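J.: Sequence and predicted structure are below.
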Amino acid sequence: MSAARSTRGVVTLTARVGRVLRRELRDWQRERRRLGTRLATIKRGRALLGVDDLDARLAAMEVHASRTRDLVTSLQGTTAGHAADQDDVRRQLAVWTVTTWVEHTEVPDDLVVSIVLPTRDRVERLQRAVESVLAQSYEQWELLIVDDGSTDETPAYLAELNDKRIRTFRIEHAGVCAARNHALEHADGDIVAYLDDDNLMYRSWLGTVVWAFRGWPDADVVFGARIVDDYARVHQLGTGGLPFIHFHDYDREQLERGNMADMGVIAHRARLPEARFDEALSELGDWDLFLRLTTRKPPLQLPTLACLYTTSAPERLSDAGTTDREMRYVRAKLQSR
């Protein structure tokens, strides 16, 4: 092959390679421009969406979400608290309404109410309790006072009582439930109500009980409200609290967990089969009785004042230190039924 021919071949090959390379360069430049355009678009999008600081934004959102959850939880608690407060206000208004209504209602006096009042060594308190019965607006009652072996001036005070509606008894010291049973054995009334010697019966309670049993003839048991003397003491916040109304809607499950009605706010028709106290109990006889009286049929919820309840009297049964043992005992009885 001649040198000239060889030279032309090299030039031709070089030209072809050059064309290919230039074409690929143009293609690469076009792709670069296309990619550059896409990259610019992506950057604008990231800027608009805030993607460039996505991690920081996600962290901020998580903090916000956590605060929102805390706020929701707080609001739920506040809402529940407000609902409970509203229920409490509703009950207190009902107590005031029914109490006022009955106080201005003429109640037929054709039913006798037997009042069971056990006492021991608290003659000054006893006098106030008896006076609260004597002040009742409803006058068809009998008061059965059982002295559970007092060693103070109680026997002398009882001997001086001269109201024919009051009957007194004395037994050897056997406990408050035995004293109540002794009174029940001698009760002649149509209805039974209860009063402890350190409390006061509200002036319209007996009339309200009669009014309720006449108006709701299917009811066997009623329970009312009480004014408790010291909110702080009851809720273990010290002393010096204001009096408050204690009244709950009847709830069987709640009642089985713990007592919701004091002895002084309970009344029932006389001679009910379950109307007898368990003498093995000293503190929780009222809870045990209320459980048994309402096993087959719920009580009539009666939003009206029954008694003024004192928490400061000396030697109260609730201070005897047997609560835990008696709660286990009552619950065991409940489970065995």
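T.: Now that the structure is in, tell me what you want to look at. Residues are numbered from 1 along each chain as shown.

J.: Helices along the stretch 1-150 of the chain, start to end?
T.: With helices called from DSSP state H, counting those that start in this stretch, the stretch 1-150 of the chain shows them at 3-49, 54-103, 123-134.

J.: Which of those has the lowest mean pLDDT?
T.: With a mean of 64, helix 3-49 has the lowest mean pLDDT of the helices of the stretch 1-150 of the chain.

J.: List the buried residues in stretch 161-175.
T.: By 16 or more other C-beta atoms under 10 Å, the buried positions in stretch 161-175 come out as Leu161, Ile166, Arg167, Thr168, Phe169, Ile171, Gly175. For glycine as for every other residue, the C-beta is placed from the backbone atoms N, C-alpha and C.

J.: tell me which element Thr208 is part of?
T.: Applying DSSP states H and E as the criterion places Thr208 in helix 205-215.

J.: What is the subsequent helix or strand relative to that helix?
T.: strand 221-228.

J.: wait, which of the buried residues of stretch 161-175 is closest to Gly189?
T.: Arg167 (11.3 Å; C-beta to C-beta).

J.: Please verify my assumption that the closest one contacts Glu142.
T.: Yes: Arg167 is within contact range of Glu142, at 6.6 Å (criterion: C-beta atoms under 8 Å).

J.: thinking again about what came up before, can you tell me which helices and strands the helix holding Thr208 packs against?
T.: Here helix 205-215 touches helix 54-103, strand 113-119, strand 191-194, strand 221-228, strand 300-309, going by 3 or more C-beta pairs under 8 Å, 6 or more residues apart in numbering; DSSP states H and E.

J.: What is the second one packed up against?
T.: In terms of contacts (3+ C-beta pairs under 8 Å, 6+ apart), strand 113-119 is packed against helix 123-134, strand 141-148, helix 176-186, strand 191-194, helix 205-215.

J.: pLDDT on the third one, on average?
T.: Translated: helix 176-186. Helix 176-186 carries an average pLDDT of 98.

J.: Could you tell me how far that helix lies from the centre of the chain?
T.: Counting by C-alpha atoms, centre = their mean, to the nearest Å, helix 176-186 is centred 31 Å from the centre of its parent chain.

J.: got the angle between that helix and strand 113-119?
T.: 150 degrees (axes from the mean of the first three to the mean of the last three C-alpha atoms, to 10 degrees).

J.: what's the angle from helix 176-186 to strand 141-148?
T.: 140 degrees.

J.: Next: the first one.
T.: Following the same axes, to 10 degrees, one obtains 170 degrees for the angle between helix 123-134 and strand 141-148.

J.: buried ones in helix 123-134?
T.: Val123, Arg125, Leu126, Ala129, Val130, Ser132, Val133.

J.: could I get the residues you listed as CSV with distance to Ala187?
T.: Shown next, in CSV, are those (distance: C-beta to C-beta, whole Å):
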residue, distance to Ala187
Val123, 23
Arg125, 23
Leu126, 19
Ala129, 17
Val130, 17
Ser132, 19
Val133, 14
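
J.: Output the below-cut-off pLDDT ranges for the stretch 201-337 of the chain.
T.: Along the stretch 201-337 of the chain, the model assigns pLDDT under 70 to residues 314-320.

J.: can you give me the strands for it?
T.: Secondary structure of the stretch 201-337 of the chain (DSSP state E, counting those that start in this stretch): strands at 221-228, 244-246, 266-269, 300-309.
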